[in-house]
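Trainee: Give me coordinates for this.
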Amino acid sequence: MDEKTINKLKEPLDESAIKTRKTDYGEVDYIKSNFAIQQANDIFNYNWTGEIVDLRKISEEEFTKKGKTYYAINFICRYKIIVNGETNEDVGFGSSTQGNKSSATETAVLSAVSDAIKRSLRHYGNQFGLSLYAEHQEVNDKSSSKSSNETIEVTEKAIRNKVKENIKKYGNSKDISDKQHGVLKSFFVDELNIEDENKQHEMLGNLVGERGINSFYDLSYSHIDPVINLIFNKKEQLKKLFNTEEEPDNTFDLISKVKGKLEEKEVENQKFINWIGDKANKDYNTFDSIPENWLKEVVKDSFWDNNEKEIKQFGKSELVKKVKEMINNQTEIEPSQLYYYFGEQDDKEYNSLEEVPNKKLKLATKQSFWDEHYTDISETIPFG
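Mentor: Residues are numbered from 1 along each chain as shown. Below you'll find the model as predicted:
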C-alpha cells in the first residue's frame with residue numbers, strides 16, 4: 001500500500017458521514033454501507049475486491065401477535081475484503097421481523113451483508129468508522145453492565161430476582177427488539193452450539209422462570225434484560241450456567257426424583273402432569289411424555305419457590321364448582337360449614353372452599369362422603 005493511501009487512511013472521518021440511531025443500549029454512531037463502499041473506491045482507487053465467504057440463516061420464527069402473523073428472520077454473513085493482495089474478513093449480523101416472510105428474509109440478508117462489508121472495511125482505520133465501533137462497544141458495556149455489575153450474579157436465582165424487579169419497574173408490555181432477538185439467537189447457536197429452536201426456547205424460558213414459551217418473542221424486555229447483560233459481560237460464566245445442570249443417572253431416576261418431590265409438596269402426579277401440559281400447551285399424559293429439561297427443573301427448590309402456589313391452585317375452580325353442586329344436593333348445608341369442618345380436621349382456619357386442599361375437596365365430590373359425614377358437617381358452626 002503506497003504512502004498516499006496510508007496517509008489518507010490516517011485522516012479523521014468526515015463528521016458529516018456519521019449518522020446516529022437509537023438502539024437497545026442507547027444512541028450509537030455509524031456510517032452507511034454505501035458510504036463505506038464509496039470510501040473504498042476513492043481511497044483504494046477501485047483496486048479492491050470483496051466477496052461473501054459464508055451467508056446463512058441462523059434462525060426463522062413464525063409467531064402471532066395481536067392476531068397477526070409475523071416472521072422473525074436472522075442471517076449471519078462472513079465477508080472478505082482484498083486490497084492489494086491483503087485480506088481481511090469479518091462477520092455481520094442481520095435481522096428483520098415483518099408480516100411478509102419474503103420481505104423479512106430479504107431485509108435480513110441485505111442487513112447481514114451490509115454489516116459484514118462495513119465490519120471488514122473497518123480494519124483499515126477511521127475512514128471506515130473504526131473508532132465508532134469502539135464507541136459502540138463502550139455504550140454496550142456501560143448499558144449492559146449497569147444492572148448486572150450491581151445486582152446480577154450468574155445464578156438462576158439472581159437472574160429470576162432481576163426479572164421480578166424488572167417486571168415491577170417496567171411491566172411486561174415492552175417487547176424485545178430484533179437486535180436483542182439476534183443476540184440471543186447468536187448466543188445459543190455460536191456459543192452453546194444449540195440450533196434446535198425448541199431447545200433454545202425451553203432453556204431460556206426455564207432460566208427466566210417462564211416455561212412453555214414457543215418463541216423468544218413470547219418474552220418481554222423485563223425477562224431478557226438480565227440475560228442480555230450477562231451475554232455482554234459474563235458470557236463464559238453464563239455458558240457454564242446453561243451447561244452445568246446435574247444429570248441424573250437415567251430417565252427412570254429423574255422421574256423417581258420428580259415423584260418424590262411431588263409427594264413432598266403434596267401434589268398429585270396427574271395434577272402436575274396436567275399443569276405442565278397446560279403451561280407448554282401440549283397434551284402430556286405421563287411423566288415419560290414430558291421433556292427431560294422440564295423434569296430436571298422440578299427437582300430444584302427454586303422451581304417450587306416460583307410455581308408451588310400456581311400448581312396447587314391449578315384446576316381449583318372446576319373442583320370447587322363440583323363441590324358446590326354436591327352441597328346444593330344436600331339439605332340445609334352451607335359451603336362455610338364444609339370448609340370449617342375441613343379446617344377442624346386439619347387444625348387450620350380455612351375461609352373459603354378455595355383454601356381447602358384439593359385432596360379434601362375431591363372427597364366432597366362423592367356422595368359416599370356425604371352419606372358418612374353429613375351429620376357432623378350439618379352440626380358444624382362456622383366462624384362468625
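
Trainee: helices or strands up against the helix or strand that residue 37 is a member of?
Mentor: Using DSSP states H and E, the element containing residue 37 is helix 33-43. Taking 3 or more CB pairs under 8 Å, 6 or more residues apart in numbering; DSSP states H and E as contact, the helices and strands that helix 33-43 lies on are helix 3-10, helix 101-121. C-beta: built from backbone N, CA, C; applies to glycine.

Trainee: Paired strands for the helix or strand just after that helix, with orientation please.
Mentor: Once the chain leaves helix 33-43, the next helix or strand it forms, by DSSP H and E, is strand 48-65. Sheet pairing of strand 48-65 (DSSP bridges) gives strand 68-83 (antiparallel).

Trainee: So which bits of the partner strand are buried?
Mentor: Judged by neighbour count using 16 or more other CB atoms under 10 Å, the buried positions of strand 68-83 are 70-81, 83.

Trainee: Tell me how this protein divides into domains.
Mentor: 3-138, 152-243, 251-311, 316-378 (automatic domain parsing).

Trainee: Quick check: end-to-end length of the second one?
Mentor: Spelled out, it's domain 152-243. Domain 152-243 has its terminal residues 19 Å apart, counting by CA to CA, to the nearest Å.

Trainee: Now do that domain, average pLDDT.
Mentor: In this model, domain 152-243 has an average pLDDT of 81.

Trainee: just the third one next, same as before
Mentor: When pLDDT is averaged along domain 251-311, the result is 83.

Trainee: swap in the last one?
Mentor: Regarding domain 316-378, the rounded mean pLDDT is 86.

Trainee: Repeat that for the longest one.
Mentor: Throughout domain 3-138, pLDDT has a mean value of 82.

Trainee: before we move on, back to that, winner for burial among the helices and strands packed on helix 33-43?
Mentor: Across the helices and strands packed on helix 33-43, averaging neighbours per residue (mean count of other CB atoms under 10 Å) puts helix 101-121 on top, at a mean of 21.

Trainee: Can you dump the C-alpha atoms of that one in CSV for me?
Mentor: In CSV, the C-alpha atoms belonging to helix 101-121 read as follows (Å, rounded to 0.1, in the frame of the first residue of the first chain):
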residue,chain,number,x,y,z
LYS,A,101,-41.8,-13.7,5.1
SER,A,102,-40.1,-12.9,1.8
SER,A,103,-39.6,-9.2,2.7
ALA,A,104,-38.3,-10.2,6.2
THR,A,105,-35.8,-12.6,4.5
GLU,A,106,-34.6,-10.0,2.0
THR,A,107,-34.2,-7.3,4.7
ALA,A,108,-32.3,-9.7,7.0
VAL,A,109,-29.9,-10.8,4.2
LEU,A,110,-29.2,-7.3,3.0
SER,A,111,-28.6,-6.2,6.6
ALA,A,112,-26.2,-9.0,7.3
VAL,A,113,-24.2,-8.4,4.1
SER,A,114,-24.1,-4.7,4.7
ASP,A,115,-23.0,-5.1,8.2
ALA,A,116,-20.3,-7.6,7.2
ILE,A,117,-18.9,-5.3,4.5
LYS,A,118,-18.6,-2.4,6.9
ARG,A,119,-17.0,-4.6,9.6
SER,A,120,-14.5,-5.9,7.1
LEU,A,121,-13.5,-2.5,5.9
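
Trainee: burial of residue 170, as a residue count?
Mentor: Other residues within reach of residue 170, judged by other CB atoms under 10 Å, total 13.

Trainee: actually residue 311, sorry about that
Mentor: Residue 311: 20 surrounding residues under other CB under 10 Å.

Trainee: helix/strand/coil for it?
Mentor: Here residue 311 takes the helix state, with states given by DSSP: H, G, I helix; E, B strand; the rest coil.

Trainee: does it really touch residue 273, like I thought?
Mentor: No - between residue 311 and residue 273 there is no contact under CB atoms under 8 Å: 10.9 Å.

Trainee: Phi first, then psi, for residue 193.
Mentor: Note on residue 193: backbone dihedrals following degrees, to the nearest 10 are phi 60, psi 40.

Trainee: can you check residue 167 too?
Mentor: Taking degrees, to the nearest 10, you get phi -60, psi -40 for the backbone angles of residue 167.

Trainee: Now it: closest residue in space, sequence neighbours ignored.
Mentor: residue 222 (4.7 Å; CB to CB, 6 or more residues apart in numbering).

Trainee: Go over the secondary structure and confirm that neighbour is in a helix.
Mentor: Yes - counting by three-state DSSP, residue 222 is found in a helix.

Trainee: Surely it is in contact with residue 163?
Mentor: Yes - contact criterion CB under 8 Å: residue 222 and residue 163 qualify, at 6.0 Å.

Trainee: what's the spacing between residue 287 and residue 199?
Mentor: Residue 287 is 20 Å from residue 199, where distance means CB to CB, to the nearest Å.

Trainee: which of these two has more neighbours?
Mentor: Using other CB under 10 Å, the more surrounded residue of residue 287 and residue 199 is residue 287, with 20 against 14.

Trainee: So that one sits against residue 255, correct?
Mentor: Yes - with contact defined as CB under 8 Å, residue 287 reaches residue 255; the gap is 4.6 Å.

Trainee: list residues touching both of the two?
Mentor: Common contact partners of residue 287 and residue 255 (CB atoms under 8 Å, 6 or more residues apart in numbering): residue 295.

Trainee: Now do the same contact list for the nearest residue to residue 57 once chain neighbours are set aside.
Mentor: Among residues not flanking residue 57 along the chain, residue 75 sits closest, at 5.4 Å (CB to CB, 6+ apart). By CB under 8 Å, 6+ apart, the contact list for residue 75 reads 55, 56, 57, 58, 93, 94, 95, 108, 109, 111, 112.
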